[in-house]
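A.B. asks: Sharing a sequence plus its predicted fold:
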Amino acid sequence: MPDSDSPLSSRREFRSAFRMSLFFQTACLAFTALLLDGGEMFRVFLIAALAYWTIAIIVATRRPRQPTLKKVILIRYGFPLAVACTVLGRAAVAALS
């Protein structure tokens, strides 16, 4: 197993991670747009997608030619983490109100 801090041999892994994440986000946003909850879940997923892409662009532009395994994993699987953080943040704000 490669070291998580060593650079990967190719940027193909980076592109593959972006493609997988984009596909997953598109599917999630399409399904949440179809829910009959007044757009609440769609709004949560949209905020999470915007937060994810902000972080992903920052991570990708720091060392675009030599992505590490940690960065590729963050790009590939970071969207569910962003959704969880958005849901928890929204629940915390609702509890304080």
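C.D. replies: Ah, there it is. Numbering: from 1, shown residues only.
A.B. asks: any idea which helix or strand carries the residue nearest to the spatial centre of the chain?
C.D. replies: Taking Cα atoms, centre = their mean as the criterion, residue 79 is the residue nearest the geometric centre of the chain, at 2.5 Å. Per DSSP states H and E, residue 79 falls inside helix 69-96.
A.B. asks: quick one on the thing from earlier: I'd guessed the residue nearest to the centre of the chain sits against residue 48; true?
C.D. replies: Yes: Residue 79 lies in contact with residue 48 (Cβ atoms under 8 Å); the separation is 6.8 Å. From N, CA and C alone the C-beta is placed, and that goes for glycine too.
A.B. asks: hang on, the earlier thing: now do the buried residues in the helix holding residue 79.
C.D. replies: 69, 71-72, 74-76, 78-79, 82-83, 86 (16 or more other Cβ atoms under 10 Å).
A.B. asks: where's it relative to the chain centroid, distance-wise?
C.D. replies: With Cα atoms, centre = their mean, to the nearest Å as the basis, helix 69-96 stands 8 Å off its chain's centre.
A.B. asks: which one of the buried residues of helix 69-96 is nearest residue 54?
C.D. replies: residue 82 (9.5 Å; Cβ to Cβ).
A.B. asks: What's the separation between that closest one and residue 17?
C.D. replies: As judged by Cβ to Cβ, to the nearest Å, residue 82 and residue 17 stand 14 Å apart.
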